[in-house]
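Participant: no FASTA, just this:
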Ligand code: NAD
């Protein structure tokens with residue numbers, strides 16, 4: 001029988017009568033069973049967070065930092081157990097799961113070093129005016145299934161540092177690693193400061209609507225983000241939304257094909273393409289298009305698709321059936337329109353597991369669904385362009401605005417292009433690098449607000465201005 005996991009509410013690991021099964025996408029077997037919480041459990045978690053807020057918000061920041069650092073160490077100390085569990089529920093290959101666990105520990109430690117300092121607005125004989133930051137209160141955190149632990153801790157750590165308390169809901173598809181983390185930190189943080197509860201998608205709107213939650217920090221699809229914004233408007237909850245993307249990578253004619261082809265491949269196919277900031281449209285200058293596309297295709301043929309727990313797997317399964325069906329639909333649409341495939345395109349329906357072969361399309365039109373929509377799977381369209389102006393316009397022709405990349409030896413030209421892209425992040429000659437000290441957030445329909453860095457930390461606070469009139473009573 002699959003292991004029964006429990007939730008963390010008010011410092012205790014608790015079960016519920018109703019449960020949910022969690023499926024390993026590599027073989028469709030149940031790998032764990034988790035509580036299916038409803039309004040009653042949510043109320044208990046929120047009440048615990050509200051009680052804890054009274055003391056946690058007044059706990060000296062150095063003590064809060066110490067608790068966050070202890071969480072980072074707990075992740076690092078249990079690295080091997082956590083990465084195996086992560087692969088079994090999420091599907092990503094072991095080396096990528098190791099990366100996520102390492103990044104989660106490092107991210108938490110880095111967040112603990114951030115500082116919120118007071119700002120003096122006016123310091124005159126007449127008046128002293130100072131802006132300070134105060135925690136918003138109880139935070140509701142909602143996260144997706146592609147980087148379950150990393151996304152959870154990048155909300156928990158800054159919430160805690162700011163003085164907030166949190167009720168976090170993992171995705172119903174990938175709650176196990178986060179619940180194991182909950183067990184590991186149970187005695188490292190005071191009861192009620194961190195609560196982790198699991199349930200169906202329907203638990204999400206209950207969190208958004210809960211009258212005693214002050215802020216929602218959400219990572220997931222743009223469609224759900226819009227519902228959250230609508231739900232949060234009822235009582236004007238603060239919101240941070242990290243949403244979808246359709247990131248463009250632009251490869252200039254001076255890019256070194258031998259050096260760049262493999263990196264371009266992984267910028268799209270890491271985590272089977274299920275990354276908000278994966279390169280989802282690759283524009284290659286016409287002078288090097290044939291050579292570069294052949295080099296990417298040749299490298300792609302050396303990469304194995306399979307169970308992430310098996311040695312040598314480079315690309316794992318799609319995380320869940322719904323997403324698998326969506327990616328298959330996009331491939332079928334490309335076939336129906338007669339677009340040319342450089343690699344892959346034939347999904348084998350026999351056998352278990354949600355496997356999609358590495359698929360690369362050769363110069364499909366700009367309005368193809370595979371180009372215009374976020375695929376979130378191991379399917380990459382390569383497109384030809386002629387001029388910088390043309391490619392900038394095509395890259396910006398999207399409702400999304402999350403990230404992008406430019407590949408060139410001429411970094412000045414790269415930066416000039418980057419400055420014209422309508423996205424929150426642009427990389428020159430690298431990809432997927434997120435710094436815990438730089439604000440990460442989307443333009444347009446890719447998000448609202450930011451995570452990471454001091455800007456991300458501020459999102460868990462209100463500003464309060466205190467003004468002292470110096471000469472009033474003297
Ligand atoms: P999703 O929006 O379906 O689900 C995300 C979370 O929201 C889950 O925990 C889900 O249970 C919950 N949820 C579902 N319906 C809800 C509702 N009505 N109200 C409140 N919560 C609800 O997203 P997903 O399929 O899990 O993740 C994939 C998407 O996430 C992609 O679009 C991807 O680009 C995006 N993403 C963005 C970032 C980023 O930082 N910008 C990072 C990772 C993933």
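Facilitator: That came through fine. A quick note: this is a predicted structure, and the numbers were derived from the prediction, not measured.
Participant: ok, the residue of the stretch 251-400 of the chain found nearest the ligand - contacts?
Facilitator: Per Cβ to the nearest ligand atom, residue 276 is where the stretch 251-400 of the chain lies closest to the ligand, at 3.1 Å. For glycine as for every other residue, the C-beta is placed from the backbone atoms N, C-alpha and C. For residue 276, the contact set (Cβ atoms under 8 Å, 6 or more residues apart in numbering) comprises 146, 219, 242, 243, 244, 245, 402, 446.
Participant: now, which of those residues lie close to the ligand?
Facilitator: Checking the contacts of residue 276 against the ligand by Cβ under 6 Å from any ligand atom, the ones in range are 146, 219, 242, 243, 244, 245, 402.
Participant: Spell out the secondary structure type for residue 232.
Facilitator: Using DSSP: H, G, I helix; E, B strand; the rest coil, the structure places residue 232 in helix.
Participant: Measure how buried the spatially closest residue to residue 119 that is not a sequence neighbour is and give me the count.
Facilitator: Once flanking residues are discounted, residue 119 sits nearest to residue 131: 4.4 Å by Cβ to Cβ, 6 or more residues apart in numbering. Around residue 131 there are 14 other residues, counting by other Cβ atoms under 10 Å.
Participant: ok, how many other residues are close to the residue in the stretch 201-350 of the chain positioned nearest to the ligand?
Facilitator: Residue of the stretch 201-350 of the chain nearest the ligand, by Cβ to the nearest ligand atom: residue 204 (2.1 Å). For residue 204, the neighbour count with other Cβ under 10 Å is 22.
Participant: For stretch 299-316, which residues meet the burial criterion?
Facilitator: 299, 300, 303, 305, 306, 307, 308, 309, 313, 314, 315, 316 (16 or more other Cβ atoms under 10 Å).
Participant: how about those, which pair is most distant?
Facilitator: Greatest spacing in the buried residues of stretch 299-316, by Cβ to Cβ: 299 and 309 (23.5 Å).
Participant: ok, back up a step: okay, the contacts of residue 276 in TSV with distance to residue 257 next?
Facilitator: Below are the contacts of residue 276 laid out as TSV (distance: Cβ to Cβ, whole Å):
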residue	distance to residue 257
146	30
219	35
242	33
243	33
244	30
245	26
402	27
446	30
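Participant: So which bits of the stretch 201-350 of the chain are right by the ligand?
Facilitator: Residues of the stretch 201-350 of the chain lying near the ligand (Cβ under 6 Å from any ligand atom): 201, 204-205, 208, 219-221, 224, 227-228, 242-245, 276.
Participant: one step back: now the residue of the stretch 251-400 of the chain closest to the ligand: which helix or strand?
Facilitator: Under DSSP states H and E, no helix or strand contains residue 276.
Participant: Is the residue minimising distance to the centre of the chain within a helix or a strand, and which one?
Facilitator: The centroid of the chain falls nearest to residue 151 when counting by Cα atoms, centre = their mean (5.2 Å). Per DSSP H and E, residue 151 falls inside helix 148-162.
Participant: Residue 254 too?
Facilitator: Residue 254 belongs to no helix or strand when assigned by DSSP H and E.
Participant: quick one, phi psi at it?
Facilitator: Dihedral angles of residue 254 (phi, psi; degrees, to the nearest 10) stand at phi -90, psi 0.
Participant: Check for me that residue 70 belongs to a strand.
Facilitator: No: Residue 70 is assigned helix when assessed by three-state DSSP, not a strand.
Participant: For the stretch 51-200 of the chain, give me the ranges with low pLDDT.
Facilitator: Within the stretch 51-200 of the chain, no stretch has pLDDT under 70.
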